Each structure stands twice: as structure tokens, then as C-alpha cells.
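*Asks:* test case, fold it:
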Amino acid sequence: MHGQDIVADPSPQIFTVLAAINLAGYDAGMEKPELVPLRAAIREELAQRTISILPDLQEFYRSHRLSDPDQDLSQYVSLALFLSAPPEFQLPQNPGNVPLEVWDLREMGPLLAAFYREAEMASLWEKYLPAMEQESDRYRKMLAQVIQETNAYLRMDTSGFGNRRFGIYISPLGAPNQTNARSYGENYYLVVGPSVESPEEDIRHGWLHYLLDPYPYRNARLVESKSELHRIAQRAPALEPAFRSNFSLLLTESLIRAIQARRMKGDPETRRRAANEAVAEGFYLSACFFDAMGKFEEQPVGMSLYYSEMIEAITVRDEQRRLASVQFRTSPSRLRAEAQWNSLEQMTQMGEASLARGEYEEARQIFESVSSQYGPHPRVLYGLALVATQQKQPERAKEHFAAAASLSTDARTKAWSHIYLGRLLDLEGNRPAAQAEYQAALAAGDSATDTREAAEKGLQNAFVSPGGSAPPPGNEPPENRPRQRVPLGREDR
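*Replies:* Residues are numbered from 1 along each chain as shown. Presented below is the predicted three-dimensional model:
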């Protein structure tokens, strides 16, 4: 299935990275070459080529090798998902924009560029692309069925999920029956290797993440009101650290496990048992959500409206009593190569995207959630200030703009924080204070023409707005946006 943001394709980055580590020493799953015929053929071809960079690749792989073969492969899958297209294979320059395991492998980029050229990977890619496309077509059909069934069950329309991506990437070069799942900000990826068994459940699990991951941030205050339950996670040794440290992630995973239990084949008792097994594994809200989804099935409202009602109905004391006697597993029943990464950057971008769409209340909840996790941050404060101007809260807007201007090291964010402060002060009739803010904007160091003109215009004439607030954000021409994608207003001419 192909769509603007939904794909099932081979990936040249994954193909190249995994070809490189195969040549450098990655052998997991090769004890049965009949299960990985395409991988065996590609390895044989590469072994016959003269590649001068090979010793460097072998040394790099040796020095970064992990004892667990699954984790060893997993780190390179993560790297490939962040690399730019061949032949450059570049990573984002800011370490805050990638997971730590990817940043630790950053020196592989130049090696991959040399390997791609010397091994003539472009020709190898073209040779094996038809076979990978044939496999991809199987996954496209599988994904189309999963989307149709899951969206119908949840009564959800994903046509408005712009600027998000769900990708299934086909890779013949890993160990068989390995599916690596990744949740990076608003994007979800599945990287599937040679498969003897159908990974349909992994695809369904991934699609449920894609649908449901944004909801805790859109209902941040409501979710926070139930966060006392997160103390229970400390009693569940099988939980991965990401779930133990983040209530929103654990809540969503509990809901997904509950939905999967309700949708599985078997009698009601079998389904209930599956939900209870998820609880024992540490996803302790699965039983609660299992009951809630039973009620969901009996009413006409879709998940987008039912979600807040479902979270509101959770009674903290009742769940504490329900879970008091649960004996949690010491290890998971099934290992999943799944990584959740919601960095400050990704969450901030999520809030800015909501702001640009005019979804101000959603943006406010996301920005406030970021603040509660990471503390004061200039872009987040700036976003909260813009939300406050749209929600007719000038005092709060002034407070946030002042904090953003004080903390920001980015000249553009600092300058426009001062400009908006000046405009709000002009609307109050405090002309001397407004002029001081426009002067501060000029002194902030942003050389952009629109910033300078807005500040100079503010010095010459008091700002007047029929709506009584700062101009709406998001109208700035794309070429004028700062690299952090901070949404800014545009001077009315």
C-alpha cells in the first residue's frame, strides 16, 4: 500500500548499512542459509569485490559489537533510519535530534559513503530491487488489511494525520524472523527481515502505536491526573526502562495490549487471559482498558472522542486495589525489538505542528507536558506564549514571551519574543516599555529582514490590532522560518 505518509518499501539506507555489517562480521542467522537465500547471494557477491575500506569497516564493527545479536542488529537499524539518502549517508548534526545509540555510531557515516562507492552498491541495489519489491508487495497487502480492520474497529479516520509517517521497510540482510519497531516522535517504523512466519501481529501492533501514541499528549492534563499509578511500574521487573520512566508510553502500550486481547481469536475467557498476561508483564492498565474497550464496542462514538472519557473513568484507588496482589513476571513473555524515543525536540515539534494547524488547546497541552518533563525551554515557552495570545490571555503571554527572551540563545526566537512583548505592551498603552522591547529585538542579533523591519516599525508607530492580540502565528513564508521551525508571526504591511 502506498500513500503520502504510509509506505511499505525497501530502503537503500537499510540495505547499505546491513550489507556493510554483513561484510564486516555480522553473521547472526547464517547457520541456516536456506532461510535467507537473498542474503546469502548478496554476501557472496560482496565477498568477490575489492573494497579497500573493508578493514576500517571491520574494525568499526568489532569495536561497536554487542554481545546480544538482536541488539547488535537493532543499533544499526536505528542508525539507518536516521541517515540521509545515498551516496552521502549523513546524520543530523545536533546530537539532541537522534537517539543516543545512533549518535554513538555517527562515525560510520563516512565509512558507509566510501563503502557504497567502492562496493558499487547502486548496481547491487538495482539487481536485487525486483525481489525486494515482490516481498514489499506482500506487506503492502497485509498493511492495507490491518489498516482497514483496525480503523473500522476504532472508528477512526486517519486522513488528517498529515506530517506523520508509518513505514514498513523490507530488509533481506538481517537474521530471519527479526522485526524491529521504532517510534520516533510522531513517526513509526517497522523493519522486517527474512520472514518464515507472518509478522501480521507486529504490523497491527505498530499501526495501533501510530494511531494512539499522540493521544496522551493531546490529553496531557487528564493523563497527568492518573500518573500516581505509575509508581506501580517499580514493582514490574520485566518492564523496559522506557516504560518504567514514562507513564504516557506505558499507558498507551497497556491500551494496545488490551485492544489486541479483545481482537484475538478465541472465547471470552481466552481474551481475558491475554489481557491479564499483559498486566503480569507490567502493562498493568491492560485489564482496566480491556473492560473499557468492551464498553467502547457497545456505543457509537469513535476513539478520538471516547479516549478522554475512558481516561477520565480510571479510578486511581480502584486500580491500586486491583493490582495490589498481582505477581508481576520477572521477564517478558516475548522479546520485542521495539524502541520508543520522544525527545524534547520531537515533542516540541509536535506542539509546533498543532500550533500551525490552529489547534491551540492541543498545542498548549503538549507544550505543558514537555515543560513538566524537561523544565523551562525557550521554544516551549515561546509556543506557550503564542497559544496564550490566541486564547486571549495577554498576561500569561507576556510572562512566557519574557521567559523565552531571557532564556533563548537563538537570535530569532529571542528577537520575536521581544517584538511580541512590545506589541502586547503597545496594546496596553505602555509605549515606553514597548519601545524598549523593540530595541531589545534589534539588539538580539537576528539579521533577517522581516525581524529588523518589524522591530523598526514598532519603534516608529505603536502597534494596533483590531483583535486585541498579537498576530496569529504560522503565517511566515517558509524560507524565513528558523532552522528550529519555531512558528513566528509576520509583520502586517
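*Asks:* ok, the spatially closest residue to residue 302 that is not a sequence neighbour - how many residues close by?
*Replies:* Closest residue to residue 302 apart from its sequence neighbours, by CB to CB, 6 or more residues apart in numbering: residue 155 at 3.4 Å. Glycine gets a C-beta too; all of them are placed from N, C-alpha and C. Residue 155 has 15 neighbours, counted by other CB atoms under 10 Å.
*Asks:* distance of the residue most central in space within the chain from residue 255?
*Replies:* Nearest residue to the geometric centre of the chain (CA atoms, centre = their mean): residue 185, 1.5 Å. In this view, residue 185 and residue 255 are 19 Å apart by CB to CB, to the nearest Å.
*Asks:* also residue 211?
*Replies:* Taking CB to CB, one finds residue 211 at 10 Å from residue 255.
*Asks:* okay, the two: which has more neighbours?
*Replies:* residue 255 (26 against 23).
*Asks:* show me what contacts that one?
*Replies:* 212, 285, 286, 289 (CB atoms under 8 Å, 6 or more residues apart in numbering).
*Asks:* do that again at 6 Å, thanks
*Replies:* residue 289 (CB atoms under 6 Å, 6 or more residues apart in numbering).
*Asks:* quick check, it in a helix?
*Replies:* Yes. Assessed with DSSP: H, G, I helix; E, B strand; the rest coil, residue 255 lies in a helix.
*Asks:* surely residue 191 is within a strand?
*Replies:* Yes. Assigned with three-state DSSP, residue 191 falls within a strand.
*Asks:* hang on, isn't residue 275 packed against residue 289?
*Replies:* No. Contact criterion CB atoms under 6 Å: residue 275 and residue 289 do not qualify, at 7.9 Å.
*Asks:* what sits in contact with each of the two?
*Replies:* residue 258.
*Asks:* so where is the stretch 151-300 of the chain shaky, pLDDT-wise?
*Replies:* Counting by pLDDT under 70, the stretch 151-300 of the chain has low-confidence residues at 160-163, 196.
*Asks:* what ranges do the strands span in it?
*Replies:* Taking DSSP state E, counting those that start in this stretch as the test, the strands found in the stretch 151-300 of the chain are 166-170, 179-184, 187-192.
*Asks:* repeat for the stretch 301-450 of the chain
*Replies:* Under DSSP E, counting those that start in this stretch, the stretch 301-450 of the chain gives strands at 337-341.
*Asks:* remind me which residues of it are low pLDDT?
*Replies:* Using pLDDT under 70, the flagged stretches of the stretch 301-450 of the chain are 334-343, 373.
*Asks:* which residue ranges of it form helices?
*Replies:* 303-312, 316-323, 344-356, 360-374, 378-390, 394-407, 411-428, 431-443, 449-460 (DSSP state H, counting those that start in this stretch).
*Asks:* what's the second one in contact with?
*Replies:* To tie it back to what came earlier, the one meant is helix 316-323. With contact meaning CB under 6 Å, 6+ apart, helix 316-323 is reached by 228, 229, 232, 284, 288.
*Asks:* burial count for the fourth one?
*Replies:* For residue 284, the number of neighbouring residues by other CB under 10 Å comes to 25.
*Asks:* may I ask you to confirm that it is in contact with residue 233?
*Replies:* No. Counting by CB under 6 Å, residue 284 does not reach residue 233; the two are 7.5 Å apart.
*Asks:* follow-up on the earlier one: right, and the helices of the stretch 301-450 of the chain - which one's nearest residue 131?
*Replies:* Checking these against residue 131 by CB to CB gives helix 344-356 as the closest, at 34.4 Å.
*Asks:* break this structure into its domains for me.
*Replies:* Following automatic domain parsing, the chain resolves into domains at 6-194, 214-341, 384-480.
*Asks:* check contacts around residue 39.
*Replies:* Contacts of residue 39 by CB under 6 Å, 6+ apart are 172, 173.
*Asks:* again, 7 Å this time
*Replies:* 172, 173, 194 (CB atoms under 7 Å, 6 or more residues apart in numbering).
*Asks:* quick one: which of these is nearest residue 51?
*Replies:* residue 173 (16.0 Å).
*Asks:* would you enumerate the residues in contact with the nearest residue to that closest one once chain neighbours are set aside?
*Replies:* With sequence-adjacent residues excluded and distances taken as CB to CB, 6+ apart, residue 173 is closest to residue 18, at 3.7 Å. The neighbours of residue 18, taking CB under 7 Å, 6+ apart as the test, are 76, 171, 173, 174.
*Asks:* closest one of these to residue 6?
*Replies:* Closest to residue 6, out of all of these and judged by CB to CB, is residue 171, at 18.4 Å.
*Asks:* give me the neighbour count for residue 241.
*Replies:* 7.
*Asks:* quick check: it vs residue 361, distance?
*Replies:* 32 Å.
*Asks:* how about the strands of the stretch 151-300 of the chain, which one is nearest residue 82?
*Replies:* strand 179-184 (8.3 Å).
*Asks:* which helices and strands does the closest one pack with?
*Replies:* Judged by 3 or more CB pairs under 7 Å, 6 or more residues apart in numbering; DSSP states H and E, strand 179-184 is in contact with helix 69-82, strand 187-192, helix 200-212, strand 337-341.
*Asks:* export the ones you listed to TSV and tack on distance to residue 327?
*Replies:* Formatted as TSV, the helices and strands packed on strand 179-184 follow (distance: least, CB to CB, whole Å):
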stretch	distance to residue 327
helix 69-82	27
strand 187-192	32
helix 200-212	25
strand 337-341	24
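*Asks:* what's the next secondary structure element after the helix or strand residue 22 falls within?
*Replies:* Per DSSP states H and E, residue 22 falls inside helix 12-24. The first helix or strand that comes after helix 12-24 along the chain, using DSSP H and E, is helix 37-47.
*Asks:* which parts of that next one are buried?
*Replies:* Neighbour counts over helix 37-47 (16 or more other CB atoms under 10 Å) mark 39, 40, 42, 43, 45, 46 as buried.
*Asks:* now the last one: how far from residue 21?
*Replies:* Separation of residue 46 from residue 21 (CB to CB): 11 Å.
*Asks:* can you turn the buried part of the contacts of helix 316-323 into a PyMOL selection?
*Replies:* Only the buried entries of these go into this PyMOL selection, using 16+ other CB under 10 Å:
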select buried, resi 229+232+284+288
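*Asks:* residue 125: which of the contacts of helix 316-323 is nearest?
*Replies:* So of the contacts of helix 316-323, ranked by how close each gets to residue 125 (CB to CB), first place is residue 284, at 45.6 Å.
*Asks:* what sits against the closest one?
*Replies:* Contacts of residue 284 (CB under 7 Å, 6+ apart): 232, 236, 254, 323, 326.
*Asks:* can you lay out those residues as JSON lines showing distance to residue 68?
*Replies:* As requested, these are exported to JSON lines (distance: CB to CB, whole Å):
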{"residue": "232", "distance to residue 68": "28"}
{"residue": "236", "distance to residue 68": "21"}
{"residue": "254", "distance to residue 68": "26"}
{"residue": "323", "distance to residue 68": "31"}
{"residue": "326", "distance to residue 68": "29"}
